[in-house]
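Fold the following for me, if possible:
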Amino acid sequence: MADLSAVRQELRTRNQSSSFGEPQCMSSQKEEQQRLAVPFCGGIRGGMRSGKKITIMGVVNADPDSFDISLTCGCGDVALDMCVQFEDREILRNACVSDSWGEEERSIPYFPFIAEQPFRVEIHCEHPRFRVLVDGHQLFDFYHRVTPLTAIDTIQISGSLTITKLN
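Next comes the predicted model:
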């Protein structure tokens with residue numbers, strides 16, 4: 001997760017803060033691909049709240065190392081950092097509150113990601129937790145460490161993947 005701070009700094013420097021929650025007119029497929037280029041940083045309109053769902057569709061790269069999906073409070077606290085590591089076939093989860101990382105979680109029932117294969121990650125925000133599903137199957141729950149939920153207003157995605165759709 002050390003590389004994640006470098007990616008966050010690069011994203012801050014590039015100041016990419018589009019809001020995928022708002023409809024946008026795209027004149028071509030190339031513009032759509034540019035909008036979803038990795039590393040990606042986008043706003044979550046209105047922040048998170050119980051009942052809100054974020055869906056990330058993508059394809060794992062051919063020779064993947066890792067990828068990260070993070071829900072953050074702007075450039076501050078990290079409400080959920082999900083780091084998918086292919087070599088160890090694990091998914092690390094953590095949160096950073098007031099510049100302090102919490103206890104890392106890594107237990108999963110199975111490893112769902114395969115090189116060169118499409119996937120669909122759904123992050124459901126529920127009252128006490130985020131519930132994460134991959135391809136329609138529950139993978140893990142991550143209990144909220146950041147409040148209020150509405151402060152969670154940014155999604156960042158980086159690593160060995162291509163994003164095809166984000167809602």
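
Find the residue closest to Q156 in space, skipping its chain neighbours.
S70 (4.5 Å; CB to CB, 6 or more residues apart in numbering). Just so you know, the C-beta spots here come from the backbone N, C-alpha and C atoms, and that holds for glycine as well.

Now do the helix or strand hosting the one you found: which elements does it pack against?
In the assignment (DSSP states H and E), S70 maps to strand 66-72. Applying 3 or more CB pairs under 8 Å, 6 or more residues apart in numbering; DSSP states H and E, one finds that strand 66-72 makes contact with helix 2-14, strand 53-60, strand 78-85, strand 118-125, strand 154-159.

rank the ones you listed by mean pLDDT and give me the bottom one.
Confidence, taken as mean pLDDT, is least for helix 2-14 of the helices and strands packed on strand 66-72 (a mean of 50).

picking that back up, how much space is there between the residue nearest to Q156 and P64?
Separation of S70 from P64 (CB to CB, to the nearest Å) stands at 18 Å.

Between the two, tell me which one has more neighbours.
Set S70 next to P64 and count neighbours by other CB atoms under 10 Å: S70 wins out with 23 against 18.

who's in contact with the spatially most central residue of the chain?
Residue closest to the average C-alpha location in the chain (CA atoms, centre = their mean): I69, at 2.4 Å. I69 sits next to I56, L80, D81, M82, V84, V121, I123, I155, Q156, I157 when contact means CB atoms under 8 Å, 6 or more residues apart in numbering.

Okay, and the beta partners of it?
M82, I157 (DSSP bridges).

State the distance from it to I114.
17 Å.

now swap in R93 and tell me
20 Å.

For those two, work out which one has more neighbours and name it.
More crowded of R93 and I114, by other CB under 10 Å: R93, with 20 against 11.

any idea how far that one lies from I108?
9 Å.

which residues do those two both contact?
Contacts common to R93 and I108, judged by CB under 8 Å, 6+ apart, are F140.

Fine, thanks again, bye for now.
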